[in-house]
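[1] sequence and predicted structure below; questions after.
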Amino acid sequence: MTDGENQRLGVYVETSAGGERVRAYVPPPLPPKPPLELGRFMHVYERAIAAVGRLDGVTTILPSTPLFLYMYVRKEALLSSQIEGTQSSLSDLLLFENHEAPAVELDDVTEVSNYVAAIEHGVSRMRGGFPLSLRLIREMHAILLKSGRGAAKQPGEFRRSQNWIGGTRPGNALFVPPPPNRLDECLDALERFLHSEDAALPPLIRAGLAHVQFETIHPFLDGNGRLGRLLITLILCEAGVLREPILYLSLFLKSRRDDYYRLLQEVRQAGTWETWMEFFLTGVAETAEQAAATARDLIAMFDAHRQEIAGLGRAAPSALRVHELMQASPIVTIQTVSEKLAVSFPTASTALENLAKIGVVRETTGRQRGRIYAYSDYLALLDRGTDPLPA
C-alpha cells in the first residue's frame with residue numbers, strides 16, 4: 001500500500017471498555033485523501049442522478065404529494081427500524097396511529113412511530129431555514145428515542161461512554177468506534193464537511209461519504225443506523241436535489257445487509273471508498289427507480305378506483321369522499337370516518353360497505369361491532385419488501 005492510500009486510513013487508539021483494553025478506530029476527516037477516483041463509478045453516478053431527478057419530477061404530478069409522502073415516510077420508518085430488529089408491519093403502524101391495538105410488541109411499533117416524528121421534525125426545521133447540523137441531528141435523536149426501548153439510552157445526547165458493534169463484549173467486537181474523548185473532534189470535522197462547498201463533490205457523493213463517516217463515528221448509544229440512513233435524505237433535501245424527503249435506502253440496505261456491513265468495514269480497514277460509492281449509488285438508482293414506479297402505480301390505481309366508485313350512482317359522492325380519506329389513512333374504523341369527514345355514523349358505515357362491495361376496501365375483523373376497513377390494494381403496493389426480517 002502506498003503512502004497516499006494510507007492517508008485514507010484512520011488510527012487505532014487504546015481505550016478501556018467494559019473492564020477490558022480495546023483498540024478503537026478514529027477515522028480521518030472527509031473528504032478522502034487522495035481524492036476519490038470519480039471515473040471508477042461515474043457510470044453508476046449518472047444512472048443514480050438521472051433516477052433521482054425523475055423521482056423528484058414525479059412528486060410534481062402526484063394528485064397529492066403530501067399523501068404519498070405520508071405513506072412513503074411510514075414505509076421508510078418501518079424498514080429502517082426492521083434493520084435494527086423490530087418486527088412491525090405497515091398495518092401495525094397504521095393501527096397504532098388509529099389508536100387500535102397492533103399485533104406486535106408496543107415497543108416495536110412505538111420505535112417506528114418515533115422515527116416518523118424524527119423525519120418530520122428534521123425536514124420541518126430545515127424548511128424553516130435551520131441548517132443540517134450536529135444540533136439538528138441531536139434534536140432528531142431525542143425524538144427517535146423519546147419512548148420505547150431506546151428511552152434509557154441518553155436521547156438527544158452524544159455518548160459519554162465507549163460503544164461497540166457486533167460481538168458480545170468490546171473484546172470480541174467486529175468494530176469499536178472512536179472513544180468518547182475523541183468524539184468531539186470527529187463530529188466537528190463531519191459538521192465542517194456537511195457545511196463545506198466542494199464543487200468537485202456533488203451532493204449525492206457527499207451523502208454517500210457522510211453516511212459512512214457517521215456510522216463509523218457512531219456518536220450515540222442507540223439509533224445510529226436509523227439516523228445515519230436519514231442523513232442521506234436530509235443532505236439531498238438541503239442541497240435542493242430533492243424537493244421532498246422521498247428517497248430512502250433502507251429497503252436496498254435491508255436486502256443487501258451483508259454487503260452493506262462488509263463494505264463499511266472495508267472502508268475503515270482498507271480505504272476502499274470507490275467500491276463503497278459504487279454500491280451506494282447503485283442503491284440510490286434502484287431505490288429512486290422503484291419509488292418513481294410506485295408513485296406512478298398509485299396514480300393509476302387511484303384513478304381506476306375513482307372510476308369504479310363513480311359507477312355507484314347516487315351513493316358515489318360519499319364513497320368518493322371516504323376513498324380520498326383512505327388515501328391518507330388506509331386503515332379506518334366507521335367512527336374515524338364519521339369524525340374526520342363530519343358525517344353521521346350510518347352515512348360513514350354505508351359508504352364503507354359500498355366500497356367493500358365493489359372490492360376497493362376490505363373489512364378485516366369479521367366483527368359486527370368495532371369493524372376495521374383496509375384499503376388493501378394500496379397497502380399491498382406500499383408493502384412490497386416490508387416483510388419483517390427473521391427474528
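    Great, that's in hand. Numbers count the residues shown, from 1 in each chain.
[2] any idea which helix or strand in this protein has the lowest mean pLDDT?
    Using mean pLDDT, DSSP states H and E, helix 3-6 stands out as the lowest-scoring helix or strand of the chain, at a mean of 53.
[3] counting contacts, what elements does the next helix or strand after that helix pack onto?
    Using DSSP states H and E, the helix or strand that follows helix 3-6 towards the C-terminus is strand 11-17. Counting contacts by 3 or more C-beta pairs under 8 Å, 6 or more residues apart in numbering; DSSP states H and E, strand 11-17 is packed against strand 20-26. (Glycine included, C-beta is placed from N, CA and C.)
[4] what lies in contact with the strand it packs on?
    Residues outside strand 20-26 that contact it (C-beta atoms under 8 Å, 6 or more residues apart in numbering): 10-17, 162, 164, 169-171, 173, 175-179, 182, 186, 216, 268.
[5] cool, and stretch 159-174?
    15-18, 20, 22, 24, 154, 175-177, 179-180, 183, 218-221, 265.
[6] helices along the stretch 201-350 of the chain, start to end?
    In the stretch 201-350 of the chain, the helices defined using DSSP state H, counting those that start in this stretch lie at 203-217, 224-238, 250-255, 257-270, 273-310, 316-328, 334-341, 345-357.
[7] redo the ones you listed as CSV? Include mean neighbour count.
    Shown next, in CSV, are these (neighbours: other C-beta atoms under 10 Å):
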stretch, mean neighbour count
helix 203-217, 22
helix 224-238, 23
helix 250-255, 20
helix 257-270, 15
helix 273-310, 19
helix 316-328, 19
helix 334-341, 17
helix 345-357, 18
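[8] and the ones you listed, which one's lowest on average pLDDT?
    Lowest mean pLDDT of the helices of the stretch 201-350 of the chain: helix 250-255, a mean of 84.
[9] secondary structure class for Asp34?
    Careful, residue 34 is Pro; it's not Asp. Secondary structure, DSSP: H, G, I helix; E, B strand; the rest coil: Pro34 is coil.
[10] now do it against Pro27, distance only.
    16 Å (C-beta to C-beta, to the nearest Å).
[11] so Ala200 sits right up against Arg206, yeah?
    No. With the criterion set as C-beta atoms under 8 Å, Ala200 and Arg206 do not qualify as a contacting pair; they are 10.1 Å apart.
[12] what number of residues lie near Val44?
    Around Val44 there are 18 other residues, counting by other C-beta atoms under 10 Å.
[13] wait, doesn't Leu242 sit right on Val52?
    Yes. The criterion here is C-beta under 8 Å, and Leu242 meets it with Val52 at 6.8 Å.
[14] confirm Tyr373 sits in a helix?
    No. According to three-state DSSP, Tyr373 belongs to no helix; its state is strand.
[15] and it, bridged to which residues?
    Val332, Glu363 (DSSP bridges).
[16] and the pLDDT for it?
    According to the predicted model, the pLDDT of Tyr373 comes to 92.
[17] distance check, it against Glu339.
    For Tyr373, the distance to Glu339 - C-beta to C-beta - is 14 Å.
[18] now do the end-to-end distance for stretch 359-373.
    11 Å (C-alpha to C-alpha, to the nearest Å).
[19] buried sites along that stretch?
    Judged by neighbour count using 16 or more other C-beta atoms under 10 Å, the buried positions of stretch 359-373 are Val360, Val361, Arg371, Ile372, Tyr373.
[20] and the pLDDT for the residue of the chain lying at maximal distance from its centre?
    What lies farthest from the middle of the chain is Arg314; by C-alpha atoms, centre = their mean that is 42.3 Å. Per-residue confidence (pLDDT) for Arg314: 94.
[21] good, we can wrap up now.
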